[in-house]
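Asker: sequence and predicted structure below; questions after.
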Amino acid sequence: MEDSNIHTAMEAEKEFVKNPICITAYEQHQKYLRDKHAREKFVRKEGEAIGKAKAEHDMIKLLHASGMSAEEIATRLNKDIAVVRQILQ
């Protein structure tokens with residue numbers, strides 16, 4: 001980058017920093033970006049949890065369909081027998 005471009009950018013920054021409206025807008029935009037990232041992270045984690053729960057339910061139903069008892073499924077998957085029975089109903 002040329003020295004004149006750097007000088008121009010630094011002068012623009014000085015004017016930007018002097019203006020409280022610009023500072024407020026910048027801070028609000030930064031907050032928006034942080035909030036957006038947090039929402040996306042939360043949704044991703046929720047989606048993973050839902051997917052894991054569905055996979056467990058499908059596995060329990062598949063094992064039961066193959067002839068395994070609810071007690072055996074609970075033992076092998078380290079699940080509470082009441083939870084396994086509830087899924088199978």
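Answerer: Received, thanks.
Asker: residue 68: what secondary structure?
Answerer: coil (DSSP: H, G, I helix; E, B strand; the rest coil).
Asker: can you check what pLDDT the model gives it?
Answerer: Looking at residue 68, its pLDDT stands at 92.
Asker: residues contacting it?
Answerer: residue 76 (C-beta atoms under 8 Å, 6 or more residues apart in numbering). For the C-beta atoms, the positions are set from N, CA and C on the backbone; glycine is no exception.
Asker: if we go to 10 Å?
Answerer: 60, 62, 74-76 (C-beta atoms under 10 Å, 6 or more residues apart in numbering).
Asker: would you turn those residues into TSV with neighbour count, pLDDT and distance to residue 11?
Answerer: Converted to TSV, the contacts of residue 68 look like this (neighbours: other C-beta atoms under 10 Å; pLDDT from 0 to 100; distance: C-beta to C-beta, whole Å):
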residue	neighbour count	pLDDT	distance to residue 11
60	22	93	67
62	11	94	68
74	18	92	71
75	13	92	73
76	10	91	70
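Asker: can you map out the helices along this structure?
Answerer: Shown for the chain, the helices assigned by DSSP state H span residues 3-18, 20-65, 70-77, 81-88.
Asker: lowest average pLDDT across the ones you listed?
Answerer: Among the helices of the chain, helix 3-18 scores lowest, at a mean of 86.
Asker: who are the packing partners of that helix?
Answerer: Packing partners of helix 3-18 (3 or more C-beta pairs under 10 Å, 6 or more residues apart in numbering; DSSP states H and E): helix 20-65.
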